[in-house]
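J.: make a model of this:
(one chain, ligands or ions: 1)
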Amino acid sequence: MAGRVVVLGSVNRDLVLSVPHHARPGETLSATALAEFPGGKGANQAVASSRAGAVTQLAGAIGADGFGEAMREFLSGEGIDLSTLALRPDQPTGLAVIAVDATGQNSIIVVPGANAALAAGDAEMLDFRPGDLVVAPFEVPDSFLLEGFRRARRAGARTLLNPAPMRAHDPALIGLTDLLVLNETEFAQLTGADDVPEGPALEAALAVALPDIPVLILTRGPDGALVREGGSIRAVPGHRVIARDTTGAGDCFVGVLAASLAQGRDLAAALTRANRAAALSVTRDGAGASMPRAAEIEAFIP
Ligand code: RIB
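T.: Predicted structure coming up:
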């Protein structure tokens, strides 16, 4: 029987500014457009998972404001189980201010609000089952994630950690992780490297890093992914598309990967699907709203 995807993660309202280029320190810049989108890495991953066809639950928090209400409405319309989405009346809903330049590259500043108020107690009501895949990006506190992962492990569920954005964290989280999914910059930060290694040096670093992690997946945007599993490393090819907005592409990859594994696909098939979905997502504006549906992923011709 297929398991569920349960995301322990952030909910943000994204204010997206279209800019000719990213502002340099001290520079004042005029945006050419302003748009508002649903976002937050946790919410984006949950939307990607649900649209890819998995039964999906989101555990997180919103504030008692218009942004929070709009996010609850959007997520519930996506068919996501929000029974574990807490209301924090004393906090604003998370907010992200995002600049997207003419090439689709983004820079993001987040005001965490209610996301930062989550704690271990908020994970105590989570009820996992064997077959579930519990997914955690890094925009919510460690105490919440640790309690969630401990409960997941006790219930026989698998855990996927996506340390984005990378930050100081409790190393116990890594010890509770079955699948680690991160980009090259996050990999360099996590392993304490001065620079992002390239070519054979990257594979050599991947071969020896974090030896207790059963599956380590390094995402590389249009260059696909490198996957270490059972002592061997393989490359998964990426797809080159014309990018409008890369915001949320990593979240799309994680959400569709998790959905595909929870639905019973093997790792190779899940990675192919996740790569295709992420390529589709960058051809559309926004984060949460850009996630493709299962039929679109299946119809994607590389
Ligand atoms: O990964 C993209 C997301 O990062 C945005 O939706 C923004 O809210 C930030 O959380």
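J.: any idea which helix or strand carries residue 48?
T.: Assigned by DSSP states H and E, residue 48 falls within helix 41-51.
J.: find the residue closest to whichever residue of the stretch 101-250 of the chain sits closest to the ligand in space, skipping its chain neighbours.
T.: In the stretch 101-250 of the chain, the residue that lies nearest the ligand is residue 248 (4.6 Å; C-beta to the nearest ligand atom). For the C-beta atoms, the positions are set from N, CA and C on the backbone; glycine is no exception. Spatial nearest neighbour of residue 248, excluding adjacent residues (C-beta to C-beta, 6 or more residues apart in numbering): residue 287 at 3.0 Å.
J.: dump the residue contacts of that neighbour.
T.: For residue 287, the contacting residues are 14, 37-39, 44, 247-248, 251, by C-beta atoms under 8 Å, 6 or more residues apart in numbering.
J.: next one: residue 269
T.: Shown in contact with residue 269 (C-beta under 8 Å, 6+ apart): residue 260.
J.: hang on, the earlier thing: right, is the helix holding residue 48 up against the ligand?
T.: Yes: Helix 41-51 lies within reach of the ligand by C-beta under 6 Å from any ligand atom, at 41, 44.
J.: next secondary structure after that helix?
T.: Downstream of helix 41-51, the first helix or strand assigned by DSSP H and E is strand 56-63.
J.: after that following strand, which helix or strand is next? Please name it.
T.: Sequence order places helix 66-77 as the next helix or strand after strand 56-63, per DSSP H and E.
J.: which SS class is residue 189?
T.: Under DSSP: H, G, I helix; E, B strand; the rest coil, the three-state class of residue 189 is helix.
J.: so it touches residue 167, yeah?
T.: No: contact criterion C-beta atoms under 8 Å: residue 189 and residue 167 do not qualify, at 9.0 Å.
J.: more crowded one of these two?
T.: The neighbour comparison of residue 189 against residue 167 (other C-beta atoms under 10 Å) goes to residue 189, with 16 against 10.
J.: burial count for residue 79?
T.: With other C-beta under 10 Å as criterion, residue 79 counts 12.
J.: residue contacts, it?
T.: 50, 56.
J.: switch the cut-off to 10 Å
T.: 46-47, 50-51, 55-56 (C-beta atoms under 10 Å, 6 or more residues apart in numbering).
J.: and residue 199, by the same measure?
T.: Contacts of residue 199 by C-beta under 10 Å, 6+ apart: none found.
J.: equivalent analysis for the one 10 residues further on, please.
T.: Taking C-beta under 10 Å, 6+ apart, we find residue 209 in contact with 180, 187, 190-193, 216, 218, 228.
J.: residue 150 touches residue 170, doesn't it?
T.: No: the pair residue 150 and residue 170 fails to qualify as a contact (C-beta atoms under 10 Å) at a distance of 11.7 Å.
J.: shared neighbours, these two?
T.: Common contacts of residue 150 and residue 170 (C-beta under 10 Å, 6+ apart): residue 176.
J.: run a quick neighbour tally on the residue of the stretch 51-200 of the chain found nearest the ligand.
T.: Residue of the stretch 51-200 of the chain nearest the ligand, by C-beta to the nearest ligand atom: residue 96 (3.4 Å). When neighbours are counted by other C-beta under 10 Å, residue 96 registers 23.
J.: partners of it in the sheet?
T.: residue 14, residue 110 (DSSP bridges).
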